[in-house]
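J.: return a 3D structure for these sequence lines:
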Amino acid sequence: MAAPSVAPLRALDVYGAAPAGCFVHMARNDKDAPHIRAGEWVVVDPNDREAVKGELFLVQWSGGRRSVMQTTSRIVERCWNSRGEEFRNKEFWTLRSIGHALSLSDGPLHPDHLRDIIVGRVIGLFEPTFDEASLKVIGRPA
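T.: Model (predicted):
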């Protein structure tokens with residue numbers, strides 16, 4: 001007897017339409033699988049940009065590329081920034097991809113810098129629902 005097919009666990013809500021004020025962003029690769037897979041669309045709330053430990057955010061890097069990253073934070077006892085300023089016992093943030101045992105991360109990041117690069121919080125997946133009556137074929141009369 002064959003084992004029953006089990007859908008993979010997903011930790012995100014699924015939306016048939018983007019909520020008001022939100023937008024969708026397509027995942028380009030599987031780095032965040034199983035939560036987000038290549039070709040899937042995530043729903044992003046640009047009004048929710050305050051970092052929360054463990055949440056997923058859409059981040060825009062200095063070159064303009066965007067990617068979904070998970071935030072983590074920790075207290076750094078002592079460190080210096082590129083201008084030579086010293087920080088003691090300050091909370092710093094790290095961004096990391098969530099889909100691989102070995103993942104790349106960026107940080108530690110000062111909270112001000114993190115606020116500058118967060119586009120919005122990922123609130124779910126976008127899976128539009130269509131009914132046949134609403135579909136139009138390009139090049140054919142409706």
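J.: what mean pLDDT does stretch 94-107 have?
T.: Averaging pLDDT along stretch 94-107 yields 62.
J.: next helix or strand past the helix or strand bottoming out on mean pLDDT in the chain?
T.: When the helices and strands of the chain are scored by mean pLDDT, DSSP states H and E, strand 105-109 comes last with a mean of 67. Moving toward the C-terminus from strand 105-109, the first helix or strand encountered (DSSP states H and E) is helix 111-117.
J.: would you mark the buried spots in that next one?
T.: By neighbour count with 16 or more other CB atoms under 10 Å, helix 111-117 contains the buried residues 114, 117. All C-beta spots, glycine's among them, are computed from the backbone N, C-alpha and C.
J.: which residues does Gly120 form beta bridges with?
T.: Applying DSSP bridges to Gly120 gives these bridge partners: Leu58.
J.: that one touches Glu50, doesn't it?
T.: No. Contact status for Gly120 versus Glu50: not in contact, 10.5 Å apart, counting by CB atoms under 8 Å.
J.: what about those two, which has more around it?
T.: Taking other CB atoms under 10 Å, Gly120 and Glu50 do not tie; Gly120 has more neighbours (21 against 12).
J.: please report how far that one lies from Arg65.
T.: Here the distance between Gly120 and Arg65 works out to 16 Å (CB to CB, to the nearest Å).
J.: low-confidence ranges, this protein, go.
T.: Low-confidence segments of the chain, defined by pLDDT under 70: 1-10, 31-34, 98-107, 130-142.
J.: residue ranges of the strands in the protein, please?
T.: 13-15, 23-26, 41-45, 56-60, 66-80, 86-96, 105-109, 118-126 (DSSP state E).
J.: which helices and strands does the fourth one pack with?
T.: What it means is strand 56-60. Helices and strands touching strand 56-60, as assessed by 3 or more CB pairs under 8 Å, 6 or more residues apart in numbering; DSSP states H and E, comprise strand 41-45, strand 66-80, strand 118-126.
J.: can you rerun that using 6 Å?
T.: Judged by 3 or more CB pairs under 6 Å, 6 or more residues apart in numbering; DSSP states H and E, the packing partners of strand 56-60 are strand 66-80, strand 118-126.
J.: what packs against the shortest one?
T.: When contacts are defined as 3+ CB pairs under 6 Å, 6+ apart, strand 118-126 sits against strand 13-15, strand 41-45, strand 56-60.
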